[in-house]
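Chemist: This is a predicted model, with the sequence first.
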Amino acid sequence: MLTHAHEKPVAPERAVVIGAGGMVGGAIVKELQKAGINTLGVTRKEVDLLSPGGADALKALLKPDDAVVFVSAVAPAKNAAQVLINLRMAESAIAAFAAAPPAHLLYISSDAVYADDANPVTERSPCAPSTTHGLMHLAREIFFRNEYKGPFAILRPTLIYGAHDPHSGYGPNRYRKLAAKGETIGLFGRGEEKRDHVAVEDVARLAVRILQHGSTGVLNAVTGVSTSFNTIAHIVAAEFKPAAKVELVPRPGPQPHLLHRFFDIADCYMSFPDFHFEPLEKGLKRVHAEVSGG
């Protein structure tokens, strides 16, 4: 659960979003600006954290009163090489923070850090990732927690969807892209796996609240409602005229050991009692309208 430094929202002097060029970082920048907060979005064009001078370049941009959101990542980290790239990025950021400590640090992590058998998942569930992506995020969490000495918060989103998703991972983003090309939406097995999906805008709104309250601790960015991929595919398909075709296809391998994942979101309600997540069906319809210009 989060601990708030401010009971009521207080705007930081400036918010710096490292990784503003990505879908999540871009959404956070937009939400910060909507809240009237002075914001600096940092992309790879301004600071290349993998370059020899990356730490110095980031240090030169930081001010003592800055609240920093670190979301920059090569994601998903599918192999050892990508994990090491992400750790080097974190190493550069840590060096910059040591020389120019921000007033508050928020790290955007992932629910992939949790053990597969943690059901329902809470913020106190064991961290024992089974994927390289989860391993990367957990390692970066530990690095930041140990090296940065100021107020520190971690936000762990579950599967994110949004209009500007650059990936085509299995789920709503991929289904929409297939249907838009007139292709069939393929579901592995019966599409029975249930997962929680969160709109990128909700992740951004939670990030802004954490900065405004000077919060420390861990919070999961999850809706608390898990839906089968079969249901999601048919929601997406129905948005097209005529409706896109959905068909069952053989699994490329064995049934996943993590068949369903559920979350207990009591901590979110305790941290932000008035926060409401966008329902999945409404969010998917909104994203379709944004992408199609409807």
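Modeler: Now that the structure is in, tell me what you want to look at. Residues are numbered from 1 along each chain as shown.
Chemist: Show me what the spatially most central residue of the chain bridges to in the sheet.
Modeler: The chain has Pro157 as the residue nearest its centroid, 4.4 Å off, counting by C-alpha atoms, centre = their mean. Pro157 has these beta-bridge partners by DSSP bridges: Ala221.
Chemist: list the contacts for it?
Modeler: For Pro157, the contacting residues are 24, 108-111, 198, 203, 220-222, by C-beta atoms under 8 Å, 6 or more residues apart in numbering. (C-beta placed from N, C-alpha, C; glycine too.)
Chemist: mind listing which of those are in helices?
Modeler: Among those, the ones falling in helices (DSSP state H) are 24, 203.
Chemist: Check the contacts of Pro157 against His288 and report the nearest one.
Modeler: Val198 (16.9 Å; C-beta to C-beta).
Chemist: how many neighbours does that closest one have?
Modeler: 26 (other C-beta atoms under 10 Å).
Chemist: Same check on Pro273?
Modeler: 7.
Chemist: just the one 3 residues further on next, same as before
Modeler: Look at His276: counted by other C-beta under 10 Å, it has 10 neighbours.
Chemist: Am I right that it is in a strand?
Modeler: No. His276 is assigned coil when assessed by DSSP: H, G, I helix; E, B strand; the rest coil, not a strand.
Chemist: Distance of it relative to Ser168?
Modeler: 29 Å (C-beta to C-beta, to the nearest Å).
Chemist: This protein: strands as residue ranges?
Modeler: 14-18, 39-42, 66-70, 104-108, 152-157, 159-161, 185-188, 194-199, 217-221, 226-228, 246-249 (DSSP state E).
Chemist: Mean pLDDT for the ones you listed - can I get that in CSV?
Modeler: Putting those into CSV (pLDDT from 0 to 100) gives the following:
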stretch, mean pLDDT
strand 14-18, 98
strand 39-42, 98
strand 66-70, 98
strand 104-108, 98
strand 152-157, 98
strand 159-161, 94
strand 185-188, 94
strand 194-199, 96
strand 217-221, 98
strand 226-228, 96
strand 246-249, 94
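Chemist: Could I get those strands in JSON lines, plus columns for distance to Ala93?
Modeler: Formatted as JSON lines, these follow (distance: least, C-beta to C-beta, whole Å):
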{"stretch": "strand 14-18", "distance to Ala93": "7"}
{"stretch": "strand 39-42", "distance to Ala93": "10"}
{"stretch": "strand 66-70", "distance to Ala93": "6"}
{"stretch": "strand 104-108", "distance to Ala93": "9"}
{"stretch": "strand 152-157", "distance to Ala93": "13"}
{"stretch": "strand 159-161", "distance to Ala93": "21"}
{"stretch": "strand 185-188", "distance to Ala93": "37"}
{"stretch": "strand 194-199", "distance to Ala93": "25"}
{"stretch": "strand 217-221", "distance to Ala93": "19"}
{"stretch": "strand 226-228", "distance to Ala93": "33"}
{"stretch": "strand 246-249", "distance to Ala93": "41"}
